[in-house]
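A.B. asks: got a predicted structure plus its sequence, pasted below:
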Amino acid sequence: MPKHFKALFNRGFAYDKIGDFDKAINDYSLAIQIDSNNAFTYYNKGISLDRKGDFDEAIKNFSKAIELEPSKADFYHNRGFAFRKKRDFNNAIKDYTIAI
């Protein structure tokens, strides 16, 4: 079932865990095409992008996750990590503060 949201989401998660970030990102992108309102898909895609070293795209995905679910501390925490890796310490501190 190539258009099954949960299958794509879970396979993306599995690819991330074995370090195949490009395949994870692709599966999360396909899952987003099916359900663009699932904050955790953007969040997980952000994690894979961050691990790949694409901090700008990671921040965009964490920001979309936050837009959809603004009460999730983990979303802010991980966006803060991405900001810190970019040496954008002011935004990192803002996100860490919100997460706390």
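C.D. replies: Alright, I've got the coordinates.
A.B. asks: mind saving the C-alpha coords of stretch 63-70 as PDB?
C.D. replies: What follows is stretch 63-70, C-alpha atoms only, in PDB (Å, rounded to 0.1, in the frame of the first residue of the first chain):
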ATOM      1  CA  SER A  63       8.500  25.200  13.000                       C
ATOM      2  CA  LYS A  64       5.700  23.600  11.000                       C
ATOM      3  CA  ALA A  65       5.300  20.900  13.800                       C
ATOM      4  CA  ILE A  66       5.200  23.800  16.300                       C
ATOM      5  CA  GLU A  67       2.600  25.600  14.200                       C
ATOM      6  CA  LEU A  68       0.400  22.400  14.300                       C
ATOM      7  CA  GLU A  69       1.100  21.400  17.900                       C
ATOM      8  CA  PRO A  70       2.400  24.500  19.800                       C
END
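A.B. asks: got the contact list for it?
C.D. replies: Counting by C-beta atoms under 8 Å, 6 or more residues apart in numbering, stretch 63-70 makes contact with 37-40, 42-43, 46, 72, 75-76, 79, all of which sit outside it. To be clear about C-beta, it is placed using only N, CA and C from the backbone, and glycine gets the same treatment.
A.B. asks: which parts of the host helix or strand of Tyr15 are buried?
C.D. replies: Here Tyr15 sits within helix 5-17, counting by DSSP states H and E. Judged by neighbour count (16 or more other C-beta atoms under 10 Å), helix 5-17 contains these buried residues: 5, 8-9, 11-13, 15-16.
A.B. asks: try stretch 59-68
C.D. replies: Along stretch 59-68, the positions that meet the burial threshold by neighbour count (16+ other C-beta under 10 Å) are 59-66, 68.
A.B. asks: next SSE after the helix holding Tyr15?
C.D. replies: Using DSSP H and E, the helix or strand that follows helix 5-17 in sequence is helix 21-34.
A.B. asks: what does that next one contact?
C.D. replies: Contacts of helix 21-34 (C-beta under 8 Å, 6+ apart): 3, 5, 8-9, 11-13, 15-16, 38, 41-42, 44-45, 48-49, 51-52.
A.B. asks: which one is the one residue sitting closest to the centre of the chain nearest to, not counting chain neighbours?
C.D. replies: If you average the C-alpha coordinates of the chain and look for the closest C-alpha using C-alpha atoms, centre = their mean, you land on Gly46, 2.2 Å from that point. Counting by C-beta to C-beta, 6 or more residues apart in numbering, Gly46 lies nearest to Asn61, which is 3.6 Å off, once chain neighbours are set aside.
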